[in-house]
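Asks: build me a model:
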Amino acid sequence: MPGELVRLRDRSGQALKQVLARFFEQADDTLFALADKAGTNQDQTAYFDAMRELRLSRKSMTVSVLQHVSQAFNEMGRTRSGAASSSLEQVDQDGLGLVDHEQLEQQVAIDNLTTRLRNRYQESVHLLAARIRHLVPELELADAQMPLGPEVICNAIGEACADLDIDIRAKLVVLKLFERLMADQLDGFYRDCNQALIDAGVLPNMKRPPVGRPRAVGASSGAGRPQQGSGQSSGEPATDESAVTGGAPGSSSATFQELTSLLRRGQGDTVVTGAPASSGSVLGTGQLVSELEQLQIAARGQVGEPVMPLREQLHPLLQDTPGQIAQADSDVINLVAMLFDFILEDRQLHPVMKSLIGRLQIPVLKVALSDRNFFNRGGHPVRKLLNELALAAIGWTEKREGARDPLREKIAEVVDRVLEEFTTDTTLFEELLEDFGHFMDLDRRRRELVEQRLKDAEEGRAKHERASQLATEVIDAQTAGRNIPEAISQLLKEPWTRYLQWLALRAGEGSEPWQEACEVTARLVWSVDPSPVSEHTRTDLLRSIPSIVDDVRKALQEISWDPFATDTVIRDLELAHVDVLQRLVTAPVEEPGPAPDQEPQAEPAGEPEARQPATAERPPETAVEAGDARPEAEAVAPSVPEAWLARADQLTVGSWVEMTGEDLRVRCKLAAFIRATGKYIFVNRSGAKVAEYHREDLAEALQAGVITMLDDGLIFDRALESIIDNLRHNRKD
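Replies: Modelled structure (predicted):
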């Protein structure tokens, strides 16, 4: 590590220690004031817990933060700061229960803190990053790896808070406190860090950070460099692209060459036909791009207006422009026009979003004219930005009038900035791509948190339904054909059913405790209606009653049933046993026989230890939507063709669909498939539940066109494939 960075590490460590000391001093007073004004006991408890833990952990948290930042210096270029955030990418959408709620909530809080610091100190951070990169030019440092960057500092705070011995509510209070207090204390810190490097002679004259993000070493995109046809060597784009993609020289230009070749052979519309230079003056590419500036300015005021196709926008301009357009430029204009024709006709996008993205036609044309690699490079920033905007817009549905719409506002902001600021330098698109990606990342994590809560709630509901079903089956199987006293019926229907439900949820239906509970249920029912009666029944009952009563009492205590109600239940059970014992004194001995509506079975004369409830096999699930009643669904052959059932099976978690109702179209995403109930749960962009279907119902809706699947593939790539297919088809014709 260069000596300048060693000195910066030590100096910044002392400065950060002072910042943390001021934070802890303010935190105590702030938390006390918040606790005093708390609206609920829960809030007040969270504030006091946070206050107590911060007092106890002040020193250890300071050491943890300073060690994390120091490690970022020592392992520069080798670490991936912010690994916690990457773990959120590894969500198993099919497993549905693998994401830790607390981790998601903490990560969202850390992201908010990072965003606030980066926005608050953007210029200072970029200046510091440029100076650090200048000292280590051999390293490719991302923002998240930059020592003293917001990502490193905020992840250090996140790690320190993760060790606090408080619940998630209090942890979030602490993280919010960092956002509230510390975000305004780093101005002097970053100023001192920059001054330390200036004093060491590192870029002392740099007053403004460099525009755009640094490129990878040895990689040159060629974006933003005008290519004037004959004035540009044909080998340059290929060499440039091979440096980026690692492909063979010359291979990168194949796509553009194929497109222009197909275009010239086909019968597609053209804006203007190129002419040889001898037949008249030729309008240069640079001059054409300058002429397009007027159309870009005009597009700034077209908010909310219908989008005019590119050819129609260009027609009056080209009519008044002296000189013929070169053939290569004419090809580019036609290809960009076809590209946006596809986008504006794409049914995957809402008309409002088409209108917004369609305003980018002129800027995209300017890029394509200046940089022919636009059609060849999958990673071109303009292509990537178009793809990201369209992908984000897939699930968008228009909100009611007056409601805030952050996504629409963000996309409109991106479009407006392009129209206002873009000339020929594509680094603006890189900046916008990074900013929009960060916005979508935070938006996605917030939605994941809401969706995860919904999934857990649905799974919990399914488990409770199954537990209730199991408890009912056990009790019904044991009481069928029995003469149960009213008091004992109430015991079975209320506290005992609750106990069986609790045990099914806690231990599972195949567990040993569950089997024991089923046996206790059988013994309990037998004890109040012993049938058939033998000469040993009364003796067996006298011997069994104490253990049965004890088992019932313990079971009700396990579920914390009201002690007074428990005493009443036990008293009623004992009275029922007394009545049975009195009846058995004079009851005639019965020959064992089959019980009504049950298969015959050999019943021992004594306590029915061997009798098991008929719950070994789980009844088949039925494809019933919530609220429907179709008890014979399994007996009826499915009315939906197998092809549509297969389509339903192919729908994966995360897939977007459009649901059509009366005068209503809603776009939503499959957020979860709950295996326990066979339910497909759909949510909107906000993560709120929109609908639920079972397999057959979903297949029926797909067949009827009530639900249509949306293609969330990259729109630029889909458009390019469509253009190539159409041009090839035209050539064959």
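Asks: only C-alpha atoms from now on, for both contacts and neighbour counts.
Replies: Noted.
Asks: can I assume Asp10 sits in a strand?
Replies: No. Read with DSSP: H, G, I helix; E, B strand; the rest coil, Asp10 is helix and lies in no strand.
Asks: number of nearby residues for it?
Replies: By other Cα atoms under 10 Å, 11 other residues sit near Asp10.
Asks: ok, now the one 3 residues further on?
Replies: Using other Cα under 10 Å, Gly13 is surrounded by 18 other residues.
Asks: and Val525, what is it in contact with?
Replies: Applying Cα atoms under 8 Å, 6 or more residues apart in numbering to Val525 gives the contacts 478-479, 484.
Asks: quick one: which of those residues is most hemmed in?
Replies: Gln478 (20 neighbours).
Asks: and that one, that one's in a strand?
Replies: No. Counting by three-state DSSP, Gln478 is not found in a strand; it is helix.
Asks: from Leu470, how far off is the residue nearest to it when sequence neighbours are not counted?
Replies: Sequence neighbours aside, Ala522 is the residue nearest to Gln478 in space, at 6.0 Å (criterion: Cα to Cα, 6 or more residues apart in numbering). Distance of Ala522 to Leu470, given as Cα to Cα, to the nearest Å: 15 Å.
Asks: okay, these two: which has more neighbours?
Replies: Remark: of Ala522 and Leu470, Ala522 carries more neighbours, 23 against 20, as counted by other Cα under 10 Å.
Asks: now the one helix or strand that one maps to - C-alpha only, CSV.
Replies: Take DSSP states H and E as the rule and Ala522 turns out to sit in helix 512-528. Provided in CSV are the C-alpha atoms of helix 512-528 (Å, rounded to 0.1, in the frame of the first residue of the first chain):
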residue,chain,number,x,y,z
GLU,A,512,-44.0,-39.2,18.5
PRO,A,513,-45.7,-36.5,20.7
TRP,A,514,-48.5,-36.4,18.1
GLN,A,515,-49.0,-40.1,18.2
GLU,A,516,-49.1,-40.0,22.0
ALA,A,517,-51.7,-37.3,21.9
CYS,A,518,-53.8,-39.4,19.5
GLU,A,519,-53.6,-42.3,22.0
VAL,A,520,-54.6,-40.0,24.9
THR,A,521,-57.6,-38.8,22.8
ALA,A,522,-58.7,-42.4,22.2
ARG,A,523,-58.3,-43.2,25.9
LEU,A,524,-60.2,-40.1,27.0
VAL,A,525,-63.2,-40.9,24.7
TRP,A,526,-63.1,-44.5,25.9
SER,A,527,-63.1,-43.5,29.5
VAL,A,528,-66.4,-41.6,29.2
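Asks: list the buried residues of that helix.
Replies: Buried residues in helix 512-528, counted by 16 or more other Cα atoms under 10 Å: 514-515, 517-528.
Asks: follow-up on the earlier one: need the contacts of Val525 in a markdown table (columns: pLDDT and distance to Thr114).
Replies: Formatted as a markdown table, the contacts of Val525 follow (pLDDT from 0 to 100; distance: Cα to Cα, whole Å):
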| residue | pLDDT | distance to Thr114 |
| --- | --- | --- |
| Gln478 | 92 | 61 |
| Thr479 | 91 | 62 |
| Ile484 | 91 | 66 |
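Asks: thinking again about what came up before, tell me the one among the buried residues of helix 512-528 nearest to Ala671.
Replies: Of all these, Ala671 sits closest to Trp514, with 32.7 Å by Cα to Cα.
Asks: so what's that closest one up against?
Replies: Counting by Cα under 8 Å, 6+ apart, Trp514 touches 500, 503-504, 507-508.
Asks: centroid-nearest residue for this structure?
Replies: Glu448 (3.5 Å; Cα atoms, centre = their mean).
Asks: sticking with that one, tell me its helix or strand.
Replies: Assigned by DSSP H and E, Glu448 belongs to helix 427-479.
Asks: pLDDT on whichever helix or strand comes after that helix, on average?
Replies: Of the helices and strands lying after helix 427-479 in sequence (DSSP H and E), the nearest is helix 486-491. Averaged over helix 486-491, pLDDT sits at 92.
Asks: try stretch 321-328
Replies: 79.
Asks: tell me the buried residues in it?
Replies: 323-328.
Asks: list just the nearest of those to Lys384.
Replies: For the buried residues of stretch 321-328, the nearest to Lys384 is Ala328 (23.7 Å; Cα to Cα).
Asks: quick one: the host helix or strand of the closest one to chain centroid distance?
Replies: Using DSSP H and E, the element containing Ala328 is helix 327-345. Relative to its parent chain, helix 327-345 has a centroid offset of 34 Å by Cα atoms, centre = their mean, to the nearest Å.
Asks: can you give me the buried ones in it?
Replies: Across helix 327-345, burial judged by 16+ other Cα under 10 Å covers 327-344.
Asks: and stretch 362-379, by the same measure?
Replies: Quick answer for stretch 362-379 (16+ other Cα under 10 Å): 362-377.
Asks: swap in stretch 668-678?
Replies: 668-674, 677-678.
Asks: same check on stretch 415-430?
Replies: Result for stretch 415-430 [16+ other Cα under 10 Å]: buried residues 415-416, 418-419, 422-424, 426-430.
Asks: which of those sits closest to Val65?
Replies: Relative to Val65, and with distances defined as Cα to Cα, the nearest of the buried residues of stretch 415-430 is Glu430, at 31.7 Å.
Asks: next one, pLDDT for the closest one please.
Replies: For Glu430, the model assigns a pLDDT of 91.
Asks: just Glu599 next, same as before
Replies: On the pLDDT scale, Glu599 gets 40.
Asks: try Leu16
Replies: Model confidence at Leu16, given as pLDDT, is 92.
Asks: how about it, what does it touch?
Replies: Per Cα under 8 Å, 6+ apart, neighbours of Leu16: 66, 189.
Asks: give me the element it is part of.
Replies: Using DSSP H and E, Leu16 maps to helix 3-37.
Asks: the closest residue to Leu391 other than its chain neighbours: neighbour count?
Replies: Excluding the flanking residues, the one nearest Leu391 by Cα to Cα, 6+ apart is Asp712, at 6.2 Å. By other Cα under 10 Å, 19 other residues sit near Asp712.
Asks: roughly how far apart are Asp712 and Arg11?
Replies: In terms of Cα to Cα, Asp712 sits 49 Å off from Arg11.
Asks: how much space between the residue lying farthest from the centre of the chain and Glu535?
Replies: Distance to the chain centre peaks in the chain at Thr586, reaching 71.0 Å (criterion: Cα atoms, centre = their mean). Counting by Cα to Cα, the separation of Thr586 from Glu535 is 11 Å.
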